[in-house]
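>>> I'd like to go over a predicted model; first the sequence, then the structure.
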Amino acid sequence: MSIHLGSLTVSAAAAADSPTSTPIPEEEEFYSSWSLFLVCLLLILSLWTSYYLQRKRIRAVHETVVSIVAGMVVGFIVRLAPGHLIREMLTFKHTLFFNLLLPPIILASGYELKQESFFRNFGSILTFAFLGTFISAVGVGVLVYIWSLLDIESLDLTLLECLTFGTTLSATDPVTILAIFNQYKVDPKLYTIIFGESLLNDAVSIVMYETLSQFHGTEIYLSSLFHGIGIFLLAFSVSMALGVAFGLAMSLVLKHSSLALYPSIESCLVALCAYTCYFFSNGLSMSGIVSLLFCGITLKHYAYHTMSRRTQRATKYIFGTLSQLSENFIFIYLGLSLFTSPPSEEKVTSYVKPLFIAVTTVAVVFTRYAAVFPLSELINFFQRHARGQRSEEIPHAYQMMLFWAGLRGAVGVALAAGFHGPNAQTLRTTVLVVVVLTVVMFGGTTARMLEVLGIRTGIEDDAASSSDEDEPLPIRRGGARWQRLADDPHLSQNQGYARGTTRTGAYRVQSPRSYNHHIQSQSRSPSGSPEDNNQLHRLANARHGNSSPIGNLGRGHGRQFSPVRSGSVFSAASSDEYDSDSGEVLPLAPPAGASAGAGPTAAPSLRSSFSHGGGTRRGREVVPGDR
């Protein structure tokens with residue numbers, strides 16, 4: 001009997017031991033509620049810890065380390081408690097990981113990828129992702145095989161088992177380091193290389209694991225190496241093509257349909273397209289991670305700009321929220337599994353081999369060193385001689401930080417669930433302990449390493465920012481953002497009021513004369529002198545019940561015009577009167593202190609500003625035309 005997950009086939013003997021008797025449904029529901037309660041409680045603790053650490057600017061400890069430690073404490077208590085149902089429900093399950101926890105992380109990574117920086121450093125990323133992962137997997141496998149030949153701890157491992165074991169520990173997962181990089185705003189090049197390598201080598205390690213699994217139980221010859229390389233390249237290429245195809249298909253559907261009028265349906269279809277791509281690729285025995293990654297990149301590059309604004313925001317925040325929850329849950333899961341995964345009826349010494357764990361940890365660190373520094377020098381040599389670049393592409397400080405980012409993650413633990421044989425439990429426990437050790441050891445000292453290496457921080461990558469971050473969100477209700485901008489003199493002087501124009505979402509807000517075409521048509525003189533323009537400003541302010549002088553507007557001094565204080569059409573009182581969902585412009589109430597006749601002219605003034613100002617109505621939003 002076997003469990004088939006995508007292209008991973010795990011024998012039933014490899015799963016955690018479970019009682020032969022079937023649990024009573026009511027009892028199972030009772031204990032499942034308690035297990036989910038513990039997980040939710042730990043997630044809340046992790047997120048509150050993250051909030052506290054960011055508020056206090058404490059970077060020596062990260063939330064992922066806290067999540068692992070908290071999971072270990074709860075797992076130890078559950079291990080000592082009587083009963084087995086809660087312990088089995090909290091045990092790390094690879095099906096849950098691959099089907100539920102991993103897809104949101106990969107999708108959000110591809111969807112929010114800074115594509116300009118990613119493809120600018122694509123050669124370096126591919127070098128570390130392919131060659132670096134290969135060196136790490138083979139190096140760990142060979143060193144572990146040599147250790148098993150010494151027969152110190154009675155481990156009888158074949159070369160194929162050792163190489164498969166090496167592939168599970170070849171995937172880096174620098175979630176902790178990247179989070180600290182975000183806080184410090186580290187150089188975008190270093191961030192992109194580490195981020196891109198971790199994305200691709202997860203997929204590379206899984207494809208390598210599946211390739212080696214196909215040779216299990218067979219004789220290995222020299223031709224098997226070329227056969228394995230062919231299987232690997234075919235699986236990776238087909239998976240990437242599937243992801244791009246699904247992304248392009250969704251882009252065409254959004255472009256040639258009116259889904260923008262129904263943003264809730266549009267958001268659901270975008271998310272379902274990505275998940276369908278992932279499960280379809282796994283069903284074809286390809287790599288779902290590769291497909292999902294490139295599907296997310298394609299969706300962001302082609303489909304994002306044809307979505308409605310509501311769908312753009314919804315997909316961005318939904319994918320990001322699910323990714324953060326999944327990451328925290330994975331680290332809690334790892335801490336719990338450290339005590340809940342091993343079988344309770346066996347002695348601890350039968351599957352915990354301290355010397356083997358120490359040798360594996362040293363092998364992981366050594367192979368990471370052997371992969372980063374030679375490949376970095378190779379990249380520098382190529383850039384210097386092939387492209388004539390004078391400066392080093394990857395300086396020594398960056399190489400050290402790349403080496404420090406070699407901590408392992410949950411992908412290896414999930415792959416280790418596929419081990420079978422007499423040493424399967426020992427290998428699974430070793431992988432889990434090594435992952436926890438690397439996260440605590442390297443992730444907890446990242447902030448200090450940045451200071452020791454003197455890596456530049458506080459750098460903004462404006463050119464590579466995503467398109468929706470270039471514009472502030474439009475004002476829909478309440479006008480709170482307008483009030484904040486109006487009350488802050490630095491914002492008003494430096495971010496648009498002194499220049500006479502401010503962009504907010506889909507609206508272009510200009511000086512008051514943009515909304516007073518009746519006054520302009522009646523009072524504008526042919527000469528257009530500054531005195532006449534100042535007179536127009538005074539008339540416009542009088543129309544809106546504001547007696548403050550605004551003749552100095554546009555020259556950066558004097559009292560600045562505030563659309564909130566002056567009772568203009570985008571004030572806090574009147575912003576609710578424009579309903580973006582219905583696309584209707586409703587009449588405005590007259591401002592306080594204005595004459596009775598001023599009210600009816602305000603609404604035509606707003607309508608004329610959209611009609612004469614070049615505004616056109618597309619779908620449900622008002623989009624400014626070219627002026």
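Received the coordinates, thanks.
>>> remind me which residues of the protein are low pLDDT?
Judged by pLDDT under 70, the chain has its weakly predicted residues at 1-23, 60, 222, 460-627.
>>> mind naming the longest helix for it?
For the chain, the longest helix by residue count, based on DSSP state H, is helix 222-255.
>>> quick check: what element follows that helix along the chain?
Per DSSP states H and E, the first helix or strand lying C-terminal to helix 222-255 is helix 263-283.
>>> which other helices and strands does that next one contact?
Helix 263-283 is packed against helix 102-111, helix 222-255, helix 288-298, helix 309-340, with contacts defined by 3 or more CB pairs under 8 Å, 6 or more residues apart in numbering; DSSP states H and E. Just so you know, the C-beta spots here come from the backbone N, C-alpha and C atoms, and that holds for glycine as well.
>>> okay, buried residues for the following helix or strand past the last one please.
Meaning helix 309-340. Counting by DSSP H and E, the element after helix 309-340 in chain order, helix or strand, is helix 354-385. Within helix 354-385, the residues that qualify as buried are 356-357, 359-361, 363-365, 367-368, 371-373, 375-376, 379-380, 383, counting by 16 or more other CB atoms under 10 Å.
>>> the helix or strand following helix 354-385 vs helix 354-385, what angle?
For helix 354-385, the following helix or strand on the C-terminal side (DSSP H and E) is helix 396-404. Counting by axes from the mean of the first three to the mean of the last three CA atoms, to 10 degrees, helix 396-404 points 150 degrees away from the direction of helix 354-385.
>>> tell me which residues of helix 396-404 are tucked away?
If you call a residue buried by 16+ other CB under 10 Å, then helix 396-404 has these buried ones: 397-404.
>>> pick the one among the residues you listed closest to Val73.
Within the buried residues of helix 396-404, proximity to Val73 (CB to CB) peaks at Trp404, which comes in at 27.0 Å.
>>> tell me who's in contact with that closest one.
Taking CB atoms under 8 Å, 6 or more residues apart in numbering as the definition of contact, the neighbours of Trp404 are 177, 442, 445-446, 449.
>>> closest to Val352 out of the residues you listed?
Lowest distance from Val352 to these (CB to CB) belongs to Phe442, with 22.4 Å.
>>> how many neighbours does the nearest residue to the closest one once chain neighbours are set aside have?
Residue nearest to Phe442 in three dimensions, not counting chain neighbours: Leu407, with 4.3 Å by CB to CB, 6 or more residues apart in numbering. Using other CB atoms under 10 Å as the criterion, Leu407 is surrounded by 27 other residues.
>>> and Leu407, its phi and psi?
Backbone dihedrals for Leu407, given as degrees, to the nearest 10, come out at phi -70, psi 150.
>>> was I right to think it contacts Val434?
No. Leu407 is not in contact with Val434 according to CB atoms under 8 Å; the separation is 9.8 Å.
>>> quick one: Arg310 and Pro263 touch, right?
Yes. Arg310 is in contact with Pro263 according to CB under 8 Å; the separation is 3.9 Å.
>>> measure stretch 389-396 end to end?
Across its full length, stretch 389-396 reaches 16 Å end to end, with CA to CA, to the nearest Å as the criterion.
>>> between the helix or strand harbouring Leu160 and helix 354-385, how many degrees?
Element membership of Leu160 [criterion: DSSP H and E] is helix 159-168. Angle, helix 159-168 to helix 354-385, by the same axes, to 10 degrees: 70 degrees.
>>> next helix or strand past helix 159-168?
Towards the C-terminus, the helix or strand next in line after helix 159-168, according to DSSP H and E, is helix 175-184.
>>> by contact count, what packs against that following helix?
Under the contact criterion of 3+ CB pairs under 8 Å, 6+ apart, helix 175-184 touches helix 63-80, helix 188-213, helix 424-443, helix 446-453.
>>> could you identify which of those is most buried?
helix 188-213 (a mean of 24; mean count of other CB atoms under 10 Å).
>>> quick one on the thing from earlier: export the helices and strands packed on helix 175-184 to TSV and append columns for distance to Glu26.
Shown next, in TSV, are these (distance: least, CB to CB, whole Å):
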stretch	distance to Glu26
helix 63-80	21
helix 188-213	39
helix 424-443	32
helix 446-453	47
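>>> please consider this matter closed, and thank you.
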